[in-house]
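> Give me coordinates for this.
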Amino acid sequence: MADLNGCKDQDGNTGRWTARRIAALLKNPTYAGLVRHGKSTLPGEHEAVVSRDVFEAVQRQLAGRRTREPQPRSGKRQFDSFGVHLRGLLICGQCDRPMSTSVSQRGPVRYIYYRCRSTAGGRKPCSGVNVGAYELEQFVCDVLSDVDDTRSVIPMELRKHWNGLDELEQSTQLRDVIHRVVYSHAAGTISIVLLDDWRAALMRDS
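Numbering: from 1, shown residues only. Now for the predicted structure:
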């Protein structure tokens, strides 16, 4: 709709709006007069574009899109379609061990997380290292689709391809191009290592 209405982005360009880009805009606390501070926010010195109540209401709506009622089958725990595509690929940046999925149930809603739970090498899991699976998956997809990041080491060929996919296509194709993702919890950063044959995935979609 934004493209059809000719809406311009911050660079004055039109026709470049995607669902992921709009979602990122809606989640930006800057528009509510806030600034990011680690994992929280603080009041900024700039004027808010929208009220805090409106901003928080939007965040609740976005969060509601990430969950659904559980549908167990054959007594086995089932996971949502989003947030599980990095299983087996995600590494804890603190201890260099694989992270695994965990589910927290709150009433009819469940929340999926990635946590450092490995005891490999006789060491305890890293305390407090966990992240929402959906949020991390989106973070990875944002990095893969950011064609404007001049410092990115992700090949532009891949970024342009990823930018043209919708949210579901991006999530389901993660395993086609990624060898592993290292998540540094303290810094809130990721490092992506691509598969050697990642171009094969692009050729299948062309």
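> ok, and the closest non-adjacent residue to Leu144?
Closest residue to Leu144 apart from its sequence neighbours, by Cβ to Cβ, 6 or more residues apart in numbering: Trp162 at 4.3 Å. For the C-beta atoms, the positions are set from N, CA and C on the backbone; glycine is no exception.
> what ranges do the helices span in this structure?
Along the chain, the stretches classed as helices by DSSP state H are 19-26, 52-64, 133-145, 156-163, 167-172, 174-177, 198-205.
> quick one: the residue sitting nearest the centre point of the chain from Ser171, how far?
With distances taken as Cα atoms, centre = their mean, Gln138 lies nearest the centre of the chain, 1.8 Å away. Plainly put, Gln138 is 9 Å away from Ser171 if you go by Cβ to Cβ, to the nearest Å.
> Just the pLDDT for the residue in the chain sticking out farthest from the centre.
The centre of the chain is farthest from one residue, Gly122, which by Cα atoms, centre = their mean lies 30.9 Å away. With respect to pLDDT, Gly122 has a value of 86.
> Show me where the chain has its strands.
Secondary structure of the chain (DSSP state E): strands located at 34-37, 40-43, 90-92, 100-106, 109-115, 130-132, 178-184, 189-194.
> Buried residues, the fifth one. List them.
Along strand 109-115, these residues count as buried under the neighbour rule (16 or more other Cβ atoms under 10 Å): Arg110, Tyr111, Ile112, Tyr113, Tyr114, Arg115.
> which residues sit in contact with the fourth one?
What it means is Tyr113. Tyr113 makes contact with Thr101, Ser102, Val103, Ser104, Asn130, Val131, Gly132, Ala133 under the criterion Cβ atoms under 8 Å, 6 or more residues apart in numbering.
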